[in-house]
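Novice: This is the structure alone, sequence omitted:
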């Protein structure tokens, strides 16, 4: 009897051990399956995250490139506008330099002619008579000359057209350049001088506008 009970207990113990082993193996399989599924989910979510991150990165990169191109375009537009605004002033500066060069060239050409006129007293007296004939009748006129020109006037007995004037007074002033004069009337002062004519010519040359050619 004792042997039977012992055998039953031994068999029962073996069955329990076998059952535990089966359950353990089954549990291990379940754990492996869960782990595999977990790894699969991890990989899947990782892949999803990677794809989303990649798409987001591409989108942000495209957006950044567009912003950079837009900023570059704006900078280029601003630079072009600034350059365009400078064009008129640059043209004006070039024209000013050109006018000065032209004035200098023309004056260097005509100045000897004016100097020759200054040495030729007949030119001065022609200018004086031209002004006198344009004055209104019955005016009192004062003619101011350099002392040397008065001597020439008297020595050559130059005829001045004064018949229509009330009076003509000739005065001497050594501050006036020889070859020039001043004519005072009741209505103003006329001045004849090579220097003044050269200055007037220079001013006229400097004021020439594009398309104007007559000095």
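Specialist: Received it, and whenever you're ready, just let me know what you need. Since the structure is predicted, the reported quantities are computational estimates derived from the model, not experimental observations.

Novice: Domain boundaries for the chain, per the record?
Specialist: 1-35, 92-206 (automatic domain parsing).

Novice: which one of those has the lowest average pLDDT?
Specialist: Per-stretch mean pLDDT for those is lowest at domain 1-35 (a mean of 55).

Novice: where exactly do the helices run in this protein?
Specialist: For the chain, helices defined by DSSP state H occupy the ranges 2-119, 121-134, 147-155, 194-206.

Novice: how near is residue 34 to residue 169?
Specialist: To residue 169, residue 34 is 134 Å away according to Cβ to Cβ, to the nearest Å. The C-beta positions use only the backbone N, C-alpha and C, and glycine is treated the same way.

Novice: do residue 133 as well
Specialist: From residue 133 to residue 169 the distance is 18 Å (Cβ to Cβ).

Novice: go on, residue 146?
Specialist: From residue 146 to residue 169 the distance is 16 Å (Cβ to Cβ).

Novice: Compare those two (neighbour count), which wins?
Specialist: residue 146 (19 against 10; other Cβ atoms under 10 Å).

Novice: Confirm for me that the more buried one is in contact with residue 182.
Specialist: No - the pair residue 146 / residue 182 is not scored as a contact, 10.4 Å apart, by Cβ atoms under 8 Å.

Novice: and for the two, which residues touch both?
Specialist: 173, 176 (Cβ atoms under 8 Å, 6 or more residues apart in numbering).

Novice: how about the nearest residue to residue 195, chain neighbours excluded?
Specialist: Nearest non-adjacent residue to residue 195, counting by Cβ to Cβ, 6 or more residues apart in numbering: residue 177, 6.5 Å away.

Novice: Burial check on that neighbour, number of neighbours?
Specialist: Using other Cβ under 10 Å, residue 177 has 14 neighbouring residues.

Novice: quick one, phi/psi of residue 162?
Specialist: Note on residue 162: its backbone torsions stand at phi -120, psi 10 [degrees, to the nearest 10].

Novice: ok so, going back, wait, isn't the residue nearest to residue 195 in contact with residue 146?
Specialist: Yes - contact between residue 177 and residue 146 holds when scored by Cβ under 8 Å: they sit 6.8 Å apart.

Novice: wait, what's in contact with residue 77?
Specialist: Counting by Cβ under 8 Å, 6+ apart, residue 77 has no contacts.

Novice: Just the pLDDT for it.
Specialist: Reported pLDDT for residue 77: 79.
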